[in-house]
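# here you go, sequence then predicted model.
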Amino acid sequence: MALEETIHTEPGTASGYVRTLIQQEELPLLRDHLLRLDPESRHDRFNGFLDDSFIERYAARCADDGTVIVAYIVDGMVRGAAELHPPEGDSLPEVAFSVEASARRQGVGTVLFRRLIAEARWKGYKSLRITTGADNQAMRALARKFGAHLAFRHGESTGTIDLTRTPEAELADLAAAPFRAGRAMLSFNSTWWKLFSSMVGSNRAA
């Protein structure tokens, strides 16, 4: 697994990269990122409007309980984060996502999700649980893209992701490059064979 993955953004915007934070980084970088979320984004992330003191306690707990943080970093600041929370008792490990407004619509969520699933598989997890606000359409669409089956109840959407199956987004990434290369090779071979056949035909006619 690559330690860093660069995300190429629109011209005129700052490029960033994705990597997993080490434990000593988690508290300050995750906390500051969550505190920067605008009210709507904070509501989507925690399914409610929460004060700064809650955010600070939450980030401190993540740094202490073994939560894995995959972060999108621009100029030393976390602008997007995917959290992989360890299971408690018989519960499934849980995932959560947050992306600041300045980093949206750049493919950040997809890269974070893919990297987080890789981390979960590396840890040997077979399934993940995801919870998101009912109004968070972007998160719900992203979760479905990676194979989550969501159900709405109690004002939020919850679902699971089966890690034993390869989701749509990963299949697309795995298949795209070989398919393009294979299609190009087939096209080349077809053109070459037609040219070769015409040359042989011309020689026989002569």
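It's in.

# when you work out contacts or count neighbours from here on, use the C-alpha atoms and nothing else.
Noted.

# please enumerate the strands of the protein.
Ranges of strands in the chain, per DSSP state E, are 5-7, 16-20, 68-74, 77-85, 94-99, 127-133, 149-153, 156-162.

# how about these in a markdown table, adding distance to Arg31 and mean neighbour count?
Output for the strands of the chain, formatted as a markdown table (distance: least, C-alpha to C-alpha, whole Å; neighbours: other C-alpha atoms under 10 Å):
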| stretch | distance to Arg31 | mean neighbour count |
| --- | --- | --- |
| strand 5-7 | 22 | 15 |
| strand 16-20 | 15 | 21 |
| strand 68-74 | 12 | 25 |
| strand 77-85 | 9 | 24 |
| strand 94-99 | 12 | 22 |
| strand 127-133 | 19 | 21 |
| strand 149-153 | 28 | 14 |
| strand 156-162 | 24 | 19 |
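
# out of those, which is closest to Phe113?
strand 77-85 (6.9 Å; C-alpha to C-alpha).

# give me the contacts around the closest one.
29-30, 32-33, 62, 66-73, 93-100, 102-103, 108-109, 112-113, 116, 120 (C-alpha atoms under 8 Å, 6 or more residues apart in numbering).

# pull the number of nearby residues for the nearest residue to Lys126 once chain neighbours are set aside.
Spatial nearest neighbour of Lys126, chain neighbours left out: Leu163 (5.0 Å); criterion: C-alpha to C-alpha, 6 or more residues apart in numbering. Neighbours of Leu163 under the rule other C-alpha atoms under 10 Å: 19.

# any idea how far Ala118 is from Leu163?
Shown here: Leu163 relative to Ala118, a distance of 9 Å by C-alpha to C-alpha, to the nearest Å.

# just Asp32 next, same as before
Asp32 sits 25 Å away from Ala118, going by C-alpha to C-alpha.

# so which of the two has more stuff around it?
Ranked by neighbour count (other C-alpha under 10 Å), Asp32 and Ala118 place Asp32 first, with 17 against 14.

# right, I'll leave it there.
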